[in-house]
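Build me a structure from this.
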Amino acid sequence: MLNKQVASLFQYEEGVIGLVAVRDPYPFQRQLDGLDLLLLVISDVACGLASIQHRRMDGQQVMIRRVTRDLLLHWIASSRHKDVMEWILRGEIIHDPEGIVDRLRSDVMVFSEEIQQRRLLVEYSQFLRSYLFAKQSLEDGMVLDAHNHIVRTLNHYAHLELIESGQHPEPAVWRQMRRFHPGIYKLFEELATSPETLEQRIKLVLLACEFAIMSKMRSSCQLIFQVLESREEPWSIAELSDDESLSDLPIDLSLLLQRNVQRGYLREVAVLSKETGGESLDLRYKLPR
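Presented below is the predicted three-dimensional model:
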């Protein structure tokens, strides 16, 4: 009944192309949100209305989230808003006159190659970065900071494995990993419960993560390689940062380029800088031939 009431209120707003109703939108955060229903209002263009609203409807707490189709696609592809994936997969489509939301759900369910490559690159970048923070903190004698970073590293490792296999990371990712990849789950368990010292536990996890970082670099960075392959001339980091395939992704592009050069997956090319009259060299990147 409430879904019909909600649909009648919002489906005629200007630009609305779809409505998705999600019961219990944060199933793993029931103590925090207190919501009964979330309504995702998807439009083709931004409107002047508030992007988030709380309402009481038919005695229930309802959150209204307005989002454009482009922003929704960005959230899904970049992993910036992990709850959105759950909403699209779990929610009830209550208004979809052109089938746009249904097609989006199908793309998410089958994990289209474009979405998978973007999410792999994002998770790998965060995996690598948090690993390096953990390693540096341990070398500096900051064991508790290293522990904080290595927990994040393991979470990114788990997400990376799931995305690589075409699965969506669930909010309770370690329950999922216990079924899907007992080996990585065991690393997390050892970090938490092993009788060894905290420093020894962190070193063990760092060793396992280092191997994964080396072995997964090429497959996780395919999106960068595809951009580089799109032309013969080498690319500057500024050009890569501005490319539409990479510009909106939360990645450490500089770090990824450096590591791929070190592994021999990319080639660094030095050219005379026009800005300094040839007094310095600009570094550019291309695929090795």
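
where does the chain have low pLDDT?
1-4, 25-34, 48-50, 79-80, 275-279 (pLDDT under 70).

Give me the longest helix you can find in it.
Determined from DSSP state H, the single longest helix within the chain is helix 113-139.

That helix: which residues count as buried?
Within helix 113-139, the residues that count as buried by 16 or more other C-beta atoms under 10 Å are 115-135, 137-138. C-betas here are computed from N, CA, C, even on glycine.

Next: stretch 70-85.
L71, L72, L73, H74, W75, I76, A77, S78, S79, D83, V84, M85.

just stretch 99-114 next, same as before
V101, L104, R105, V108.

Dump these to TSV, plus distance to Q226 and secondary structure.
As requested, those are exported to TSV (distance: C-beta to C-beta, whole Å; DSSP: H, G, I helix; E, B strand; the rest coil):
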residue	distance to Q226	secondary structure
V101	28	helix
L104	23	helix
R105	26	helix
V108	21	helix
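
can you tell me which of those residues lies nearest to L144?
Distance ranking of the buried residues of stretch 99-114 against L144, using C-beta to C-beta, places V108 first at 38.0 Å.

Tell me who's in contact with that closest one.
I76, M85, I88, L89, I115, H168 (C-beta atoms under 8 Å, 6 or more residues apart in numbering).

Equivalent analysis for K286, please.
Going by C-beta under 8 Å, 6+ apart, the list of residues near K286 reads L228, E233, P234, W235, L266, R267, V269.

Out of these, list just those in helices.
Using DSSP H, these in helices are L228.

now the contacts of K286 in CSV, with distance to V67?
Below are those laid out as CSV (distance: C-beta to C-beta, whole Å):
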residue, distance to V67
L228, 32
E233, 38
P234, 38
W235, 32
L266, 36
R267, 41
V269, 41
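
Can you name the two of the contacts of K286 that sit furthest apart?
Taking C-beta to C-beta, no two of the contacts of K286 sit farther apart than E233 and L266, at 14.4 Å.

These two: which is more packed in?
L266 (23 against 11; other C-beta atoms under 10 Å).

For that one, give its distance to P195.
Note on L266: its distance to P195, by C-beta to C-beta, to the nearest Å, is 43 Å.

now do N260
Taking C-beta to C-beta, one finds N260 at 39 Å from P195.

Between these two, tell me which one has more neighbours.
Shown here are N260 and P195; by other C-beta under 10 Å, N260 has more neighbours (21 against 6).

Can you tell me which of the contacts of V108 end up in helices?
Taking DSSP H, the ones among those that sit in helices are I76, M85, I88, L89, I115.

Looking at the residues you listed, which one is closest to Q53?
Looking across the ones in helices among the contacts of V108 and measuring by C-beta to C-beta, the closest to Q53 is I88, at 20.0 Å.

Now do the one helix or strand R55 maps to: which elements does it pack against?
Element membership for R55, per DSSP states H and E: strand 52-57. Using 3 or more C-beta pairs under 8 Å, 6 or more residues apart in numbering; DSSP states H and E as the contact test, the elements touching strand 52-57 are helix 2-10, strand 60-68.

Can you give me the buried ones in the last one?
Same thing as strand 60-68. V62, M63, I64, R65, R66, V67, T68.

what are the pairing partners of it, and which direction each?
strand 37-43 (parallel), strand 52-57 (antiparallel) (DSSP bridges).

Give me whichever of these is most buried.
strand 37-43 (a mean of 23; mean count of other C-beta atoms under 10 Å).
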